[in-house]
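S.K.: Structure here, sequence nowhere to be found:
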Ligand code: SF4
């Protein structure tokens with residue numbers, strides 16, 4: 001069970017006869033980035049067609065629905081709501097008009113000045129249909145008679161926070177990454193030479209596209225009949241970036257290359273570094289499934305501790321993140337994981353987690369191991385303690401509910417009921433990824449926010465009814 005959720009995943013395919021089908025496959029590959037809603041919008045060169053709904057990609061699309069949107073240009077979106085609640089009207093891509101020109105937007109991230117811009121737009125008489133900050137970007141763009149790279153750059157200059165965008169127009173797609181580059185967005189090329197964009201490269205593998213490069217922070221990439229072109233926007237003198245380190249720690253698919261390197265290998269290095277910083281005297285190294293497996297392999301190799309499997313996972317127990325309360329979530333964890341009793345009985349275990357959020361789920365899993373007869377449990381976490389909230393597209397619980405807020409390591413150890421506990425250091429984590437430390441956001445670990453978050457910022461403010469209908 002995942003205790004922190006992705007905000008979203010994007011895809012775009014331009015000028016390919018199977019664009020909608022490829023967008024559909026690419027969304028499947030990125031399902032881990034959002035499970036609440038899915039949608040695809042296509043264009044035939046003049047009009048846009050959309051199909052979207054609540055649920056998994058497989059719930060929303062079938063051969064029949066895909067046939068209704070069969071056009072050569074497509075963008076798609078999988079959603080987890082960090083703002084805007086779970087509602088069909090928030091299912092992206094969202095459609096707008098600039099003058100007579102239809103366009104659609106798919107967005108990954110969170111704006112930190114969304115409420116302020118929305119209030120301004122409402123004062124100008126604009127009515128909002130949805131409650132997501134994506135709609136704000138749509139209305140800013142729709143204020144023009146047409147959409148050009150200049151009018152997009154002008155709208156983007158008003159935004160603060162994290163955003164990757166795929167914008168579909170009848171004759172082109174724009175792929176955009178915010179100036180600090182919080183979330184990944186990459187460009188691929190299909191066998192026939194047409195282009196695709198996606199949040200993660202795992203989306204390219206499934207449609208046989210070759211990864212070409214990342215959309216750079218502060219770049220608008222335009223894909224049209226003439227090929228690719230690039231325009232820079234935003235400040236030119238930024239002293240730092242904000243690539244989300246948590247994408248490498250936990251979120252992105254291990255097969256993806258993001259921020260210039262493979263996710264599995266980065267996690268394996270984190271496991272190795274963890275073993276150097278905090279070795280454990282153990283008979284067996286196991287991962288709390290499934291996300292921590294890459295780090296556990298690294299820990300096992302570095303510490304020369306045999307790697308084994310402590311749990312099996314049921315694929316049929318439903319989606320635990322929608323469980324309304326803690327008791328239900330814990331019941332779900334027990335339904336989902338089954339301990340391999342004969343493997344762990346009588347063993348001293350090094351248990352590797354990629355991260356610990358609330359701690360309650362981790363404690364449930366560890367208790368299962370204890371009940372199965374493990375004699376010692378040494379928990380090693382392949383990232384630092386999470387002590388701060390995220391305002392840039394990842395839904396952590398309220399900081400008051402994070403296990404590491406206001407607890408010492410010893411207090412966390414006691415809470416989790418393990419024999420020993422150690423976390424990877426921030427420096428150790430950053431030593432395992434390829435770009436300089438100042439290129440990453442580490443705020444949920446360090447509190448060092450890359451942009452100023454407004455006092456009392458409420459990322460769920462958008463879920464409240466618009467002022468004009470209160
Ligand atoms: S606060 Fe954490 S989860 Fe949010 S963008 Fe920064 S590193 Fe990523």
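M.R.: Nice, I can see it. All values derive from a computational prediction rather than experimental measurement. Numbers count the residues shown, from 1 in each chain.
S.K.: check contacts around the residue in the stretch 201-350 of the chain that the ligand sits nearest to.
M.R.: Relative to the ligand, the nearest point of the stretch 201-350 of the chain is residue 244 (3.2 Å; C-beta to the nearest ligand atom). C-beta coordinates here come from the backbone N, C-alpha and C atoms, glycine included. Residue 244 is in contact with 162, 182-183, 251, 392-394, 440-441, counting by C-beta atoms under 8 Å, 6 or more residues apart in numbering.
S.K.: Show me which residues of the stretch 51-200 of the chain sit near the ligand.
M.R.: residue 182 (C-beta under 6 Å from any ligand atom).
S.K.: Just the strands from the stretch 51-200 of the chain, written as ranges.
M.R.: For the stretch 51-200 of the chain, the strands defined by DSSP state E, counting those that start in this stretch occupy 73-79, 94-98, 101-108, 164-169, 172-177, 186-189, 195-198.
S.K.: Would you mind finding the most buried of those?
M.R.: strand 73-79 (a mean of 31; mean count of other C-beta atoms under 10 Å).
S.K.: circling back to that earlier point, using TSV, lay out the contacts of residue 244 together with neighbour count and pLDDT.
M.R.: Shown next, in TSV, are the contacts of residue 244 (neighbours: other C-beta atoms under 10 Å; pLDDT from 0 to 100):
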residue	neighbour count	pLDDT
162	29	96
182	29	97
183	33	97
251	27	92
392	29	93
393	28	88
394	25	87
440	24	98
441	26	98
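S.K.: ok, so of these, who is nearest residue 276?
M.R.: Among the contacts of residue 244, residue 440 lies closest to residue 276 (C-beta to C-beta), at 20.7 Å.
S.K.: tell me the contacts of that closest one?
M.R.: Counted by C-beta under 8 Å, 6+ apart, residue 440 has contacts 241-245, 430, 433.
S.K.: Now, the residues you listed that are in helices?
M.R.: Mapping those onto helices (DSSP state H) picks out 245, 430.
S.K.: Out of the contacts of residue 440, who's the most crowded?
M.R.: residue 244 (29 neighbours; other C-beta atoms under 10 Å).
S.K.: Tell me what that residue is bridged to.
M.R.: residue 441 (DSSP bridges).
S.K.: Give me the pLDDT value at it.
M.R.: pLDDT for residue 244: 97.
S.K.: so can I have JSON lines of the contacts of residue 440 showing distance to residue 367?
M.R.: Output for the contacts of residue 440, formatted as JSON lines (distance: C-beta to C-beta, whole Å):
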{"residue": "241", "distance to residue 367": "40"}
{"residue": "242", "distance to residue 367": "37"}
{"residue": "243", "distance to residue 367": "36"}
{"residue": "244", "distance to residue 367": "31"}
{"residue": "245", "distance to residue 367": "30"}
{"residue": "430", "distance to residue 367": "33"}
{"residue": "433", "distance to residue 367": "33"}
